[in-house]
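Colleague: I would like to see how this sequence folds:
(2 chains)
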2 protein chains.
Amino acid sequence: MVYMSESTRNLHASPAIVSREDREKLLGQSGSVLWFTGMSGSGKSTLARQVEAELIGCGRLAYVLDGDIVRRGLCSDLGFSEEDRSENIRRVSELAAILADVGIIVLSAFISPFRSDRAQARDRIGSARFIEIFVDAPLEVCESRDPKGLYRKARSGEIKSFTGIDSSFEPPEAAGLHLKTDRQSIAECVAEVLGALKNYSV
Amino acid sequence: MVYMSESTRNLHASPAIVSREDREKLLGQSGSVLWFTGMSGSGKSTLARQVEAELIGCGRLAYVLDGDIVRRGLCSDLGFSEEDRSENIRRVSELAAILADVGIIVLSAFISPFRSDRAQARDRIGSARFIEIFVDAPLEVCESRDPKGLYRKARSGEIKSFTGIDSSFEPPEAAGLHLKTDRQSIAECVAEVLGALKNYSV
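Modeller: Predicted coordinates for the structure are as follows:
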């Protein structure tokens, strides 16, 4: 009979009995992060959810992370100052890294306007498993969509530091994919994302 | 051809195309959280990793959350004051809830000494998917194991607010499972956990 004390000592020498590879083999896929970045109204969440549905339909385990999920819970203590937005993206990166370690295809949809934050996310997750997807549309198009009424509030001064109005969006310099949602259909965008994922997957 | 702007509006009315049920069907299991609580050296991580290995061996997707995973990343900004420890457990609860929403069997192994923090975790995750497992051993047994040398440091005053020495552990009042690792073998404990999981699973 093996008692806890002995085995504990052994296990601290090699704590991971199950590896990421074991989980990926079980799932038949590689954990990865598709990082959708773009202004409010550019179509990040819409695309992420459509891609998720396609992947689940093909039997692959995918999961969307967006503001709705983290702002009410994990990041409920954070506001919208530049510092707090960076901390928000830092926590999202850590969360995405853990989900990818489980073996999940993570679809992360946050404005994430600052290059340094996105670079940090890439470093944390690892370049080989990280695809940056620039969801691009002109400001006037995003503002005309205004799905959550946020541009209206930003213009009236009701909300501050809003990306595109009084806070900058730093476009990616070398995104893995550059989608122009004012000119491409959803179906075209989804197909491009799935194609990119196929090329990146081991 | 459907352009983003129209569809965005629709999708904001019903944002979730894929449900938790879809993912659980894909995985053939229910997402749930086994919450191991107990003093340092009681055997939480050892048990969680053994249970993880058993579950993965049976083709079920399980994942261990412990201090090693979150303290270096998601919670790297937190110290060990009572406040910070509560915030640590709050974030772990949110993380566990998200992983369970993906459909994963989460094995959470944290001292989590305060009843109120564990109650908050249960509330966040939902009673039907939450099993509290008290990993119990007398202080002198935990201290004699001292796998990380922490009791020695706590006794010498090198670290403060250490559970069992100068900070209290509030034992669960109605744990789903009460394991006594000074008297039960690892195999016995693992079998009890797997049995409890079977009873709770829908």
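Colleague: for residue A:161, give its distance to residue A:153.
Modeller: Using Cβ to Cβ, to the nearest Å, one gets 12 Å for the distance from residue A:161 to residue A:153. All C-beta atoms are positioned from the backbone trio N, CA, C, and that covers glycine.
Colleague: cool, residue A:80 as well?
Modeller: Here residue A:80 is placed at a distance of 12 Å from residue A:153 (Cβ to Cβ).
Colleague: now do the shared contacts for those two.
Modeller: residue A:159 (Cβ atoms under 8 Å, 6 or more residues apart in numbering or on different chains).
Colleague: and the most centrally placed residue in chain A, helix, strand or coil?
Modeller: The centre of chain A sits closest to residue A:108, judged by Cα atoms, centre = their mean, with a distance of 1.7 Å. Judged by DSSP: H, G, I helix; E, B strand; the rest coil, the three-state class of residue A:108 is strand.
Colleague: shouldn't residue A:125 be in contact with residue A:92?
Modeller: No - judged on Cβ atoms under 8 Å, residue A:125 makes no contact with residue A:92 at a distance of 10.6 Å.
Colleague: need the residues touching each of these two.
Modeller: Residues touching both residue A:125 and residue A:92 (Cβ under 8 Å, 6+ apart): there are none.
Colleague: what ranges do the strands span in chain A?
Modeller: Secondary structure of chain A (DSSP state E): strands located at A:32-37, A:62-66, A:105-109, A:130-136, A:177-180.
Colleague: out of these, flag the one nearest chain B.
Modeller: Smallest distance to chain B across these (Cβ to the nearest Cβ): 5.2 Å, for strand A:62-66.
Colleague: possible to save the strands of chain A as TSV with mean pLDDT and distance to residue B:145?
Modeller: Putting the strands of chain A into TSV (pLDDT from 0 to 100; distance: least, Cβ to Cβ, whole Å) gives the following:
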stretch	mean pLDDT	distance to residue B:145
strand A:32-37	98	38
strand A:62-66	95	37
strand A:105-109	97	37
strand A:130-136	97	40
strand A:177-180	97	51
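Colleague: turn the ones you listed into a markdown table, including distance to residue A:170.
Modeller: Output for the strands of chain A, formatted as a markdown table (distance: least, Cβ to Cβ, whole Å):
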| stretch | distance to residue A:170 |
| --- | --- |
| strand A:32-37 | 9 |
| strand A:62-66 | 20 |
| strand A:105-109 | 17 |
| strand A:130-136 | 11 |
| strand A:177-180 | 14 |
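Colleague: tell me the pLDDT of the closest residue to residue A:17 other than its chain neighbours.
Modeller: Residue nearest to residue A:17 in three dimensions, not counting chain neighbours: residue B:53, with 4.3 Å by Cβ to Cβ, 6 or more residues apart in numbering or on different chains. The confidence metric pLDDT takes the value 96 at residue B:53.
Colleague: check residue A:202 too.
Modeller: Each residue has a pLDDT score; the one for residue A:202 is 43.
Colleague: now swap in residue A:12 and tell me
Modeller: Reported pLDDT for residue A:12: 42.
Colleague: what of residue A:8?
Modeller: For residue A:8, the model assigns a pLDDT of 35.
Colleague: any chance you could map the helices in chain A?
Modeller: Here chain A has its helices, by DSSP state H, at A:4-13, A:20-27, A:44-57, A:67-71, A:82-102, A:115-125, A:139-145, A:150-155, A:186-200.
Colleague: quick one: closest of those helices to residue B:143.
Modeller: Closest approach to residue B:143 among these (Cβ to Cβ): helix A:4-13, 11.3 Å.
Colleague: hmm, stretch A:19-28 in reach of chain B?
Modeller: Yes - under the criterion of Cβ under 8 Å from any Cβ of the partner chain, chain B is reached by stretch A:19-28 at A:22-23, A:26-27.
Colleague: in TSV: these, plus neighbour count.
Modeller: Shown next, in TSV, are these (neighbours: other Cβ atoms under 10 Å in any protein chain shown):
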residue	neighbour count
A:22	16
A:23	21
A:26	18
A:27	19
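Colleague: residue A:162: what's it in contact with?
Modeller: Contact partners of residue A:162, counting by Cβ under 8 Å, 6+ apart, are A:40, A:150-151, A:153-154.
Colleague: how about 10 Å then?
Modeller: By Cβ atoms under 10 Å, 6 or more residues apart in numbering or on different chains, residue A:162 lies in contact with A:39-40, A:80, A:111, A:150-151, A:153-155.
Colleague: and the pLDDT for it?
Modeller: 91.
Colleague: now the nearest residue to residue A:175 once chain neighbours are set aside: how far from residue A:185?
Modeller: Distance criterion Cβ to Cβ, 6+ apart; nearest residue to residue A:175, sequence neighbours excluded, is residue A:134 at 4.0 Å. According to Cβ to Cβ, residue A:134 stands 17 Å off from residue A:185.
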